[in-house]
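Novice: With the input below, show me the fold.
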Amino acid sequence: MNGNREVSIRIDWGLEIIDHDEISGQFRFKLSPNPERYEWRGEGADLFLYDKLDQIAFPESVIKSMKQQLEGVEFRFQPQTAGNIDAYIDDRLPDIRAEFAGTFPDVTGHDRSLEELEGLVGTNHEFAIVSIDLVGSTALSSTLPPQEYARLIRVYVHELSRLVTYFHGHVLKYTGDGVLAFFAAPSLIIKTDHALDYAACAIRLVQRGLNPIAAERDFPPIQIRAGLDSGSAAVAVVGHDATKQHPDLIGKTVNLACKIQSIAPVNGVAIGDFARRHLHTRWRNRCSALPLPLNWPYRTADGSAYPVMRFD
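Specialist: The predicted structure is shown next:
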């Protein structure tokens, strides 16, 4: 299924700030390959930079050419804005407690994801996709009265939807007890980093924020799993205007994220190999191979099983 996907090569640079203009907010900095990931090998005309993660050799001339192309280029930094996730959760606890008691913000019916996608209709675009789903939802819905279960789902979906905005993502759709989120390029590598950060923080939010307050009201704990992959998807309008019609993402990247989520560890994140190769070194170093089901149907160009990693 994924044999025709081309993986762009990511090079992680270390930054050394030279000066900073406080008025304009601009920095000048020096770039050098991240020593955690790369090392120089060979000598003289045979000198090359070796990528220890992907086992790729870059001739010195290629690295010099890349540096020259980057000189004078303006970079825009787009960090996540949630800050420290534990501090974020602590700040949310009063509102989460109020939500479990039945108090929610006024409903506006606004859909910001539509605004994001409407300008992309009719194109193929690159996205990072995160699929999050509730584990054991059938048993959970059988345990709680319908109104209580609905309130639990509403709190859980509300908080995960709020959180995604701090990672420059949007909710594509809700799947009853799940959230499907997208992070749109222009920079797929940055958005893949954000997508993984969001998925990991969502699990932390449920475990440290929602579950302790749910326990106060004798709700059973929530367990979730998250799947992530990245790549291209077609943006198309689906449905009919007589009932429901909206822009949607169509293609294997979305399908894979959902399938990867289904084999993720409980309260864990699973990552497709395509997304993994776009991650920053600090994230990749926390990934390890995830055993695949015997009937795993997704294949690479050489016919081998499409790898999936777990994030630890």
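Novice: The closest residue to D51 other than its chain neighbours - how many residues pack around it?
Specialist: Spatially, and ignoring its direct neighbours in sequence, D51 is nearest to Y38 (5.9 Å; Cβ to Cβ, 6 or more residues apart in numbering). Where C-beta positions appear, they are placed from N, C-alpha and C, glycine not excepted. Counted by other Cβ atoms under 10 Å, the residues lying close to Y38 total 22.
Novice: who's in contact with Y38?
Specialist: The neighbours of Y38, taking Cβ atoms under 8 Å, 6 or more residues apart in numbering as the test, are 12, 49-52.
Novice: just S32 next, same as before
Specialist: 13-14, 16.
Novice: mind putting those in a markdown table, pLDDT included?
Specialist: As requested, those are exported to a markdown table (pLDDT from 0 to 100):
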| residue | pLDDT |
| --- | --- |
| W13 | 81 |
| G14 | 79 |
| E16 | 79 |
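Novice: Quick check: bridge partners of I271?
Specialist: L228, M309 (DSSP bridges).
Novice: Residue numbering should commence at 10 henceforth.
Specialist: Happy to do that; since the first residue is 10 now, the last one works out to I280.
Novice: Let's see stretch 224-236 as PDB, backbone CA atoms only.
Specialist: C-alpha atoms of stretch 224-236 as PDB (Å, rounded to 0.1, in the frame of the first residue of the first chain):
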ATOM      1  CA  ALA A 224     -12.600   9.000  40.000                       C
ATOM      2  CA  GLU A 225     -14.000  11.700  42.200                       C
ATOM      3  CA  ARG A 226     -17.400  11.100  40.600                       C
ATOM      4  CA  ASP A 227     -17.000   7.300  40.600                       C
ATOM      5  CA  PHE A 228     -16.400   7.100  36.900                       C
ATOM      6  CA  PRO A 229     -14.200   4.300  35.700                       C
ATOM      7  CA  PRO A 230     -10.800   5.400  34.300                       C
ATOM      8  CA  ILE A 231     -10.400   6.200  30.600                       C
ATOM      9  CA  GLN A 232      -7.800   4.500  28.500                       C
ATOM     10  CA  ILE A 233      -6.900   5.600  25.000                       C
ATOM     11  CA  ARG A 234      -4.500   4.800  22.200                       C
ATOM     12  CA  ALA A 235      -3.100   7.000  19.500                       C
ATOM     13  CA  GLY A 236      -1.800   6.300  15.900                       C
END
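Novice: what comes into contact with it?
Specialist: 106, 109, 139-145, 149, 152-153, 157, 161, 165, 208-209, 211-212, 215, 219-220, 223, 266-281.
Novice: what does stretch 192-201 give?
Specialist: Here stretch 192-201 has contacts from 17, 19, 87, 125, 129, 134-139, 176-179, 203-204, 207, 237, 239, 284, 287-289, using Cβ under 8 Å, 6+ apart.
Novice: Flag every buried residue along that stretch.
Specialist: 192-194, 197-201 (16 or more other Cβ atoms under 10 Å).
Novice: Equivalent analysis for stretch 219-232, please.
Specialist: By neighbour count on 16+ other Cβ under 10 Å, the buried set for stretch 219-232 is 219-220, 222-223, 228, 231-232.
Novice: for stretch 278-293, same thing?
Specialist: 278-289, 292-293.
Novice: Pick out the most distant pair among the residues you listed.
Specialist: Farthest-apart pair in the buried residues of stretch 278-293 is A279 and H289; separation 18.0 Å (Cβ to Cβ).
Novice: and D28, bridged to which residues?
Specialist: Where D28 sits in a bridge, its partners, by DSSP bridges, are R37.
Novice: quick check, nearest of the buried residues of stretch 219-232 to N93?
Specialist: L219 (17.9 Å).
Novice: hang on, that closest one in a helix?
Specialist: Yes: membership of L219 in a helix is supported by DSSP: H, G, I helix; E, B strand; the rest coil.
Novice: if we can go back for a sec, got a ChimeraX select line for the buried ones in the contacts of stretch 224-236?
Specialist: This is the ChimeraX syntax for the buried subset of these, where burial follows 16+ other Cβ under 10 Å:
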select :106,109,139,140,141,142,143,149,153,161,165,208,209,211,212,215,219,220,223,266,267,268,269,270,272,273,276,277,278,279,280,281
